[in-house]
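Visitor: starting from these lines, generate the structure:
(one chain, ligands or ions: 1)
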Amino acid sequence: MKTLNLLNYAQDGWYQAPGGLAEVQSAVTGEVIATTGSQGLDFKAMLDHARTVGGPALRAMTFHERAWMLKDLANAIMARKEELYALNYQTGATRTDGWIDIEGGAGTLYSFSSKGRRELPNQRVLIDGNMEPLSKGGTFVGQHVWTSLQGVAVHINAFNFPVWGMLEKLAPTFLAGVPAIVKPASSTGYLAEQCVRIMLEADVLPKGALQLVMGGVGDLMDHLTCQDVVSFTGSAATAMKLQSHPVIARESVRFIAERDSLNASILGPDAGPGTPEFDLFVKEVAREMTVKAGQKCTAIRRAMAPAEHIDAVQEALSARLAKVKIGDPREEGVTMGALASRSQLEAVRSAVEELSKSARIVSGDPAASPVQGNGAFIEPILLRSDDPWGSDAVHDVEAFGPVSTIMPYRDLADAVALANRGMGSLALSLFTFDPKVAEEFVLGAGAFHGRMMILDRTSAKESTGHGSPLPVLVHGGPGRAGGGEEMGGVRGVTHYMQRTALQGSPALLSGIVKQWLPGAPKPEGDVHPFRKRISELEVGYTLKTASRTVTLEDVEHFAHFTGDTFYAHMDEEAAKASPIFEGRVAHGYLILSFAAGLFVEPAPGPVLANTGLENLRFMTPLYPGDSMRVELTVKSKSVRDEEKGEVRWAVYIFNQKDEVVATYDLLTMNRP
Ligand code: NDP
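Guide: Residues are numbered from 1 along each chain as shown. As a prediction, the model looks like this:
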């Protein structure tokens, strides 16, 4: 392979550093495969470019427009994924490892794209929670909102997942409307650089949205402000160094960190040899040790089992590990490739040495070279610590490779305490079929772990595994794991936005959030709202219906027609005896049906279907003889594509005294 000349991408142009280049070696052969360097980059100018060009362009787009952009990026990556797989082997990764990185990365973009279109409005402001009434008369209210930060997201990424690690940060960043400067790890940055090329060549990103630093970050940190976010993945030492930068403290720059994590996996006390959970545990620990040669921030480093089963665990695990085929990841049948670099190999060997001072190696030889040549290959190493409370290293030293330590626990409380001794982790797994064990573990250990997978025979087949962070779930953990949070669906988007508590009149606030809020004006018109397309409907537009009386015959008829003869509708004495009713009441479902009868406009038109009700509350009983009327208000609207969109209607049902009988959101699918 000819040596790649890796370039930076700054201010919308490729930039070659004139000197200070570092060589990057293949993890498999040790040959130099690339040169990389960022000397001469003007970091302040890059930040300014992102702030003045990229940010405004992204913020001018709505969440949905940004979500479509993510989908286009994912499509571009998938269309050219083989270019990435070709480079992936050089990092020591097998095709399966590469799938997690490359297609897992694209999948994360797809997932955020879909979430963005489903869960975020086709607007630029995001509502957070419900309106808070702040005054008796309802003229002064509060509403939390999120708006895009006006700075730059600086992403400093780890070497282990050059594609996924970049995309899992870019997806929520772009969806939030924030430009990014990405700095991949030097040892595998060639894969990230190629992925950036693919994204840029797709020509869907606005100018200034994405820049790339292929080397040191120079004085970049000196120019950060409160509108910027640093999102870091890597070692605790680097995280601490960056986080203690005076500008980070002075400007309150947001700092999200994913760092070392001594993740634990626990065999439940009920899951002895012969149970499905025992087999699942052994399989998962072995898998986590060897996938990506154990270079996963979520990999299982500590495997805990009841003392009476630890020998059986050791035996079963060693047998599995003996079957691992180590070699050039391109070769057929190879199940574990190399570590990402020779220096990583040395780091893993020295961590194993540290661990073996208080734990013994029971499988694998760290000094062995399982593959001839200069590749960074190592055997999977299983250690055993019979006195886990007497060894600090097994809880503190992360060997970032195919290395794990098994250890016994006495009882569940001991297992919880050992798991928590990692002082904060990204992922924990528990193998149990006993709901009590699961509950006790979550209550005892939840606070120390960002994600917990509780696996049993019923969920194993469809499980996504201990080590897989998912775009829809939070990735991050307290303490040693960095204290940060990434992804987690829309939560991850808000990491790049500012929450502001707005106060003012319902009318003013409605105009800002593009959603009708209680107390805001309800303009009426001559045209029934069901006759208007989404584009013609204005937020707040209201239909006030005529009223109808609900009779005892109506209640009787409904009860016998539907079979709902609940006493409160049918038995005057029993209803009176209840603490809630003064006598027989109309069915809630009858009220809803009559409401629809009052507000629908029956002819075919722009409303295509009723897609559901949300937040339904019955507030005042409606007695036979009472009357009801409805106010139907356009609460919000969103166009999905050329054929359809969704209208959310605020529905209020009143009785003859103008008391609210029921309220709900009605969702309809409409023509745009
Ligand atoms: P580092 O912390 O050295 O590197 C992580 C990233 O930070 C890289 O992009 C690196 O760039 C960059 N970096 C390093 N120093 C600076 C600096 N002064 N200013 C700005 N950026 C900097 O970690 P490694 O990748 O070398 O991995 C070391 C260990 O970290 C692993 O053995 C493992 O224990 C842990 N790790 C944890 C992960 C997790 O998700 N929890 C993931 C990966 C690693 P460059 O490569 O150019 O130096």
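
Visitor: would you map the helices across the stretch 201-350 of the chain?
Guide: Here the stretch 201-350 of the chain has its helices, by DSSP state H, counting those that start in this stretch, at 236-243, 246-250, 276-290, 310-322, 342-355.

Visitor: tell me which of those helices lies nearest to the ligand.
Guide: Closest to the ligand of the helices of the stretch 201-350 of the chain is helix 236-243 (C-beta to the nearest ligand atom; 3.1 Å). (Glycine included, C-beta is placed from N, CA and C.)

Visitor: re the thing from before, hey, which of the helices of the stretch 201-350 of the chain is tucked in deepest?
Guide: Each of the helices of the stretch 201-350 of the chain was scored by mean neighbour count; the highest is helix 276-290, a mean of 22, by mean count of other C-beta atoms under 10 Å.

Visitor: what separates that one from the chain centre, distance-wise?
Guide: Going by C-alpha atoms, centre = their mean, to the nearest Å, the spacing between the C-alpha centre of helix 276-290 and its chain's C-alpha centre is 25 Å.

Visitor: does that helix come close to the ligand?
Guide: No. Using C-beta under 6 Å from any ligand atom, helix 276-290 stays clear of the ligand, coming no nearer than 14.0 Å.

Visitor: same question for that helix, mean pLDDT?
Guide: Helix 276-290 shows a mean pLDDT of 97.

Visitor: which strands and helices sit next to that helix?
Guide: Other elements packing on helix 276-290 under the criterion 3 or more C-beta pairs under 8 Å, 6 or more residues apart in numbering; DSSP states H and E are strand 264-267, strand 302-306, helix 310-322, strand 403-409, strand 425-431, strand 449-455.

Visitor: the second one pairs with which strands?
Guide: Take DSSP bridges as the rule and strand 302-306 pairs in its sheet with strand 264-267 (parallel), strand 403-409 (parallel).

Visitor: now it and helix 310-322, what's the angle there?
Guide: Per axes from the mean of the first three to the mean of the last three C-alpha atoms, to 10 degrees, the angle that strand 302-306 makes with helix 310-322 is 140 degrees.

Visitor: so what touches strand 302-306?
Guide: 262-267, 269, 272, 281, 285, 313, 317, 388, 394-395, 404-409, 415, 418-419, 422 (C-beta atoms under 8 Å, 6 or more residues apart in numbering).

Visitor: can I get the helices and strands packed on helix 276-290 in JSON lines with mean pLDDT and distance to the ligand?
Guide: Formatted as JSON lines, those follow (pLDDT from 0 to 100; distance: least, C-beta to the nearest ligand atom, whole Å):
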{"stretch": "strand 264-267", "mean pLDDT": "98", "distance to the ligand": "15"}
{"stretch": "strand 302-306", "mean pLDDT": "98", "distance to the ligand": "14"}
{"stretch": "helix 310-322", "mean pLDDT": "97", "distance to the ligand": "21"}
{"stretch": "strand 403-409", "mean pLDDT": "98", "distance to the ligand": "11"}
{"stretch": "strand 425-431", "mean pLDDT": "98", "distance to the ligand": "7"}
{"stretch": "strand 449-455", "mean pLDDT": "98", "distance to the ligand": "11"}
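
Visitor: between these, which one is closest to Asp526.
Guide: Asp526 sits nearest to strand 449-455 of all those, at 55.1 Å, using C-beta to C-beta.

Visitor: circling back to that earlier point, now for the helices and strands packed on helix 276-290, which one comes closest to Pro184?
Guide: Among the helices and strands packed on helix 276-290, the nearest to Pro184 by C-beta to C-beta is strand 425-431 (20.3 Å).

Visitor: which of the strands paired with strand 302-306 sits most buried?
Guide: By mean count of other C-beta under 10 Å, the strands paired with strand 302-306 have strand 264-267 as the most buried, with a mean of 28.

Visitor: can you give the distance of it from its chain's centre?
Guide: With C-alpha atoms, centre = their mean, you get 23 Å for strand 264-267.

Visitor: start the count at 743, not 1, going forward
Guide: OK, 743 is where the count begins now, so the last one is strand 1006-1009.

Visitor: just the CA trace of it, in PDB.
Guide: Provided in PDB are the C-alpha atoms of strand 1006-1009 (Å, rounded to 0.1, in the frame of the first residue of the first chain):
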ATOM      1  CA  ALA A1006     -17.800  -5.400  35.200                       C
ATOM      2  CA  SER A1007     -19.900  -8.400  34.300                       C
ATOM      3  CA  ILE A1008     -21.500 -10.400  37.000                       C
ATOM      4  CA  LEU A1009     -22.800 -14.000  37.100                       C
END
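
Visitor: can you list the domain ranges for this structure.
Guide: 746-870+889-1000, 1006-1210, 1264-1412 (automatic domain parsing).

Visitor: what about Ile1068, how many neighbours?
Guide: 22 (other C-beta atoms under 10 Å).

Visitor: that one and Ser1111 touch, don't they?
Guide: No. The criterion here is C-beta atoms under 8 Å, and Ile1068 misses it with Ser1111 at 10.0 Å.

Visitor: mutual contacts of these two, please.
Guide: Phe1119.

Visitor: does Glu1343 touch Lys1274 like I think?
Guide: No. Using C-beta under 8 Å, Glu1343 is not in contact with Lys1274, being 10.1 Å away.

Visitor: who has more neighbours out of the two?
Guide: Just comparing Glu1343 and Lys1274: by other C-beta under 10 Å the higher neighbour count belongs to Lys1274, 20 against 13.

Visitor: now the more buried one: how far from Ala1169?
Guide: Going from Lys1274 to Ala1169 by C-beta to C-beta, to the nearest Å gives 50 Å.

Visitor: same check, this time on Met1361
Guide: As judged by C-beta to C-beta, Met1361 and Ala1169 stand 44 Å apart.

Visitor: number of residues surrounding Leu891?
Guide: Leu891 has 24 nearby residues by other C-beta under 10 Å.

Visitor: so Val1055 touches Glu1026, yeah?
Guide: No. With contacts counted by C-beta under 8 Å, Val1055 stays clear of Glu1026, the gap being 11.8 Å.

Visitor: how near is the nearest residue to Glu1373 once chain neighbours are set aside to Pro875?
Guide: In space, and not counting its chain neighbours, Glu1373 is closest to Tyr1394: 4.6 Å by C-beta to C-beta, 6 or more residues apart in numbering. Relative to Pro875, Tyr1394 is positioned 15 Å away (criterion: C-beta to C-beta).
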